[in-house]
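[1] Here's my sequence, what's the structure:
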Amino acid sequence: MEEKEMLKIIDENGIEKEVEVINFFTLKSNNKDYITYTENKEDAKGNIIVYTSEVIDNGDSVELKGIEDANIVKEIKDVLVDLAKAGD
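    Predicted coordinates for the structure are as follows:
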């Protein structure tokens with residue numbers, strides 16, 4: 001059985017959460033790093049909720065930043081679809 005990679009994050013309300021890391025990747029278009037992770041919670045349809053954030057290395061700490069650019073969101077969706085297909 002593959003061991004899950006876990007990460008502790010602090011959300012915008014200062015609450016520490018442990019999340020499961022799904023993937024780290026860098027977009028070629030902007031050379032920025034991203035992380036995809038989950039709290040393993042389900043939405044109303046029973047699907048696992050997955051989050052992707054930009055990873056900003058501040059030297060002594062790392063910040064996860066939300067993604068607002070629609071073009072970047074589309075690129076990330078394409079990456080995630082490709083990763084899912086590769087896992088089949």
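[2] where does D82 fall, helix, sheet strand or coil?
    helix (DSSP: H, G, I helix; E, B strand; the rest coil).
[3] neighbours around it, how many?
    Close neighbours of D82, defined as other C-beta atoms under 10 Å, add up to 11. For every residue, glycine as well, the C-beta is placed using N, CA and C.
[4] now do Y51
    Neighbour number of Y51 under other C-beta under 10 Å is 15.
[5] ok, now I72?
    If we define neighbours as other C-beta under 10 Å, then I72 has 17 of them.
[6] what comes into contact with whichever strand or helix holds it?
    Using DSSP states H and E, I72 falls within helix 70-87. Contacting residues not belonging to helix 70-87 are listed as 23, 25, 27, 29-30, 34, 36, 50, 52, 67 [C-beta atoms under 8 Å, 6 or more residues apart in numbering].
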